[in-house]
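Chemist: Turn this into a structure:
(one chain, ligands or ions: 1)
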Amino acid sequence: MDNEYLFKYAEKKANTFNLYCLLIIAVLGLVAEILNEVGLFTLDKTVMRLTMIQLAIYASIPALIFFIHDKLLKKDESVLVKPFFRWVIVIVSFISVMGLCISFSFHGTLLLAIPPLIAAQYKNNKVLTIFSFIGSLFMVDIAIFGSLLLGQYDANLLKPLTEAEASVLENRVNLLTAKRITEIVFHYVVPNMLALAAIDFIGLSIIKRTTEMIDVQIDLSNKVNAEIVAKTHMQNGVIEHLADIIESRDLETGEHIKRTKMYVSILVNRMKDMDKYKDYLTPKMCEYIINAAPLHDIGKIAVSDLILCKPGKLTDEEFEKMKIHTVKGGEIINNILNELGDKEFLEIAYQVAVSHHEKWNGKGYPYGIKEEEIPLPGRIMAVADVFDALVAKRVYKEPMPIDKAINIIIEDSGTHFDPSIVEVFQEVLEDFKSAATQEL
Ligand SMILES: [Fe+2]
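Modeler: The predicted model follows:
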């Protein structure tokens with residue numbers, strides 16, 4: 001979980017919340033319209049319908065903005081930190097709310113609390129919040145005077161005013177004397193501003209506290225992340241040292257360790273996108289398997305030098321002793337890494353070490369398990385391990401041509417190797433060939 005994650009999450013939630021609020025407003029408007037149509041309300045039906053159309057427009061514009069923002073967030077996470085979208089959302093909210101206030105009379109001015117509350121939900125944008133807060137208080141004046149001037153006539157402005165309406169409107173404008181303005185200011189503007197400031201203040205305090213809680217959570221998450229990084233670093237260091245130890249025992253396994261890790265990585269990276277494996281091979285699991293690959297022969301520490309460095313074919317007795325490197329590897333991983341690694345990685349490393357010599361037909365070692373009884377990391381490792389053993393130069397043999405090695409792997413599909421993995425192997429042959437010839 002990175003630093004921005006929680007705020008991104010909060011911002012997404014804010015978008016959803018705002019969308020629901022607008023939906024509720026729209027539904028309430030629709031209910032009012034239906035009640036008016038069936039005669040429960042006695043408002044002029046034409047005016048009410050036109051008002052509802054306005055409500056739909058005012059509610060759908062910001063809803064559309066939230067919707068687009070949400071889609072952009074899903075498409076490109078970086079949009080989240082672009083303040084431009086926040087300004088657009090808040091300003092559009094202001095326009096919509098002002099529209100509502102003026103249409104539904106100045107009693108709706110408390111709706112002006114919505115834009116600052118939306119702005120406050122956007123982290124690290126204090127300028128926008130302060131702008132919205134102060135702006136909302138100033139807009140009370142516009143909303144009240146606008147409402148008094150246009151009021152219920154707003155809806156009718158969509159069509160030409162009748163003479164009577166025009167004269168009423170004119171009278172209203174004429175009535176705005178200094179005395180009337182003072183009356184409006186003290187009876188409506190000031191009380192509404194105070195009420196709005198109180199709502200803003202309470203709302204902003206709640207949002208501020210939530211933001212502080214998110215900060216604490218981020219702080220904690222950073223500490224946990226730092227610990228994980230340190231632990232992973234230590235774990236990787238131990239893996240490297242263990243691999244070095246194996247290398248020092250058998251001079252030729254150093255390169256083998258590096259190449260097999262490359263082969264495992266090629267296979268895993270192809271398999272992770274396949275339907276069959278994508279649920280198991282999560283990014284984390286892929287990383288575990290690739291990092292566990294260098295430990296597959298860690299158990300060779302427990303095998304005598306005489307066997308390990310013997311420049312020829314092993315006798316049956318020697319081979320039996322060689323076989324124990326699988327079980328020993330598992331033990332070493334459990335004992336040494338137990339305190340360092342996370343349990344999931346440990347389990348994968350254990351599976352790789354113990355089962356990389358098992359065969360699909362059950363004729364492998366140490367346990368003779370078969371098919372899918374063999375853990376997938378072990379089956380992947382088997383292909384990588386054998387392929388490298390074939391194409392690499394060893395004290396007792398010359399390197400085998402790559403194409404011949406490829407044929408052996410394909411021929412042993414279903415006997416030694418998991419047929420599905422051999423299919424994947426055939427798809428990534430070119431990558432295997434370039435990894436095999438790459439200078440290390
Ligand atoms: Fe091995």
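
Chemist: gap between M285 and P375?
Modeler: Computed as CB to CB, to the nearest Å, the M285 to P375 distance reads 12 Å. (Each C-beta comes from the backbone N, C-alpha and C, glycine too.)

Chemist: Then I199?
Modeler: Per CB to CB, I199 is found 60 Å from P375.

Chemist: how many other residues sit next to G254?
Modeler: 15 (other CB atoms under 10 Å).

Chemist: Okay, and it sits in which element?
Modeler: Counting by DSSP states H and E, the element that carries G254 is helix 253-271.

Chemist: Buried residues in that helix, which are they?
Modeler: Residues of helix 253-271 classed as buried under the neighbour-count rule (16 or more other CB atoms under 10 Å) are 253, 256-268, 270-271.

Chemist: I'd like to know which elements it is packed against.
Modeler: Contacts defined by 3 or more CB pairs under 8 Å, 6 or more residues apart in numbering; DSSP states H and E place helix 253-271 against helix 190-249, helix 283-292, helix 376-391, helix 419-427, helix 429-437.

Chemist: Format the CA atom coordinates belonging to the second one as CSV.
Modeler: In CSV, the C-alpha atoms belonging to helix 283-292 read as follows (Å, rounded to 0.1, in the frame of the first residue of the first chain):
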residue,chain,number,x,y,z
PRO,A,283,2.6,-11.0,-9.0
LYS,A,284,3.6,-11.8,-5.5
MET,A,285,3.7,-15.6,-6.2
CYS,A,286,5.7,-15.1,-9.4
GLU,A,287,8.2,-13.1,-7.4
TYR,A,288,8.4,-15.8,-4.8
ILE,A,289,9.0,-18.6,-7.3
ILE,A,290,11.7,-16.6,-9.2
ASN,A,291,13.5,-15.6,-5.9
ALA,A,292,13.2,-19.2,-4.6
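
Chemist: and that helix, how far out from the chain's middle?
Modeler: 19 Å (CA atoms, centre = their mean, to the nearest Å).

Chemist: Contacts only, for L267.
Modeler: Counting by CB atoms under 8 Å, 6 or more residues apart in numbering, L267 touches I380, V383, A384, I421, V424, F425, V428.

Chemist: any chance of the helices and strands packed on helix 253-271 in JSON lines, with mean pLDDT and mean neighbour count too?
Modeler: What follows is the helices and strands packed on helix 253-271, written out as JSON lines (pLDDT from 0 to 100; neighbours: other CB atoms under 10 Å):
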{"stretch": "helix 190-249", "mean pLDDT": "83", "mean neighbour count": "14"}
{"stretch": "helix 283-292", "mean pLDDT": "93", "mean neighbour count": "19"}
{"stretch": "helix 376-391", "mean pLDDT": "95", "mean neighbour count": "24"}
{"stretch": "helix 419-427", "mean pLDDT": "96", "mean neighbour count": "17"}
{"stretch": "helix 429-437", "mean pLDDT": "92", "mean neighbour count": "16"}
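
Chemist: Now name the helix or strand holding E358.
Modeler: Using DSSP H and E, E358 falls outside every helix and strand.

Chemist: Give me the phi and psi for it.
Modeler: Main-chain dihedrals, E358, degrees, to the nearest 10: phi -70, psi 150.

Chemist: Check whether it really touches P377, as I assumed.
Modeler: No. At 11.3 Å, E358 does not count as touching P377 under the criterion of CB atoms under 8 Å.

Chemist: Quick one: residues in contact with stretch 271-291.
Modeler: By CB under 8 Å, 6+ apart, the list of residues contacting stretch 271-291 reads 236, 239, 261, 264-265, 268-269, 344-345, 348-349, 352, 376-377, 380, 420-421, 424.

Chemist: can you do 6 Å?
Modeler: Outside of stretch 271-291, the residues within contact range by CB atoms under 6 Å, 6 or more residues apart in numbering are V264, S265, V268, F345, I348, P377, V424.

Chemist: What score does A349 have for pLDDT?
Modeler: A349 is assigned 92 on the pLDDT scale.

Chemist: quick one: the helix or strand hosting it to chain centroid distance?
Modeler: Of the helices and strands defined by DSSP H and E, A349 is found in helix 343-355. How far helix 343-355 lies from its chain's middle: 28 Å, per CA atoms, centre = their mean.

Chemist: Fine by me, thanks again.
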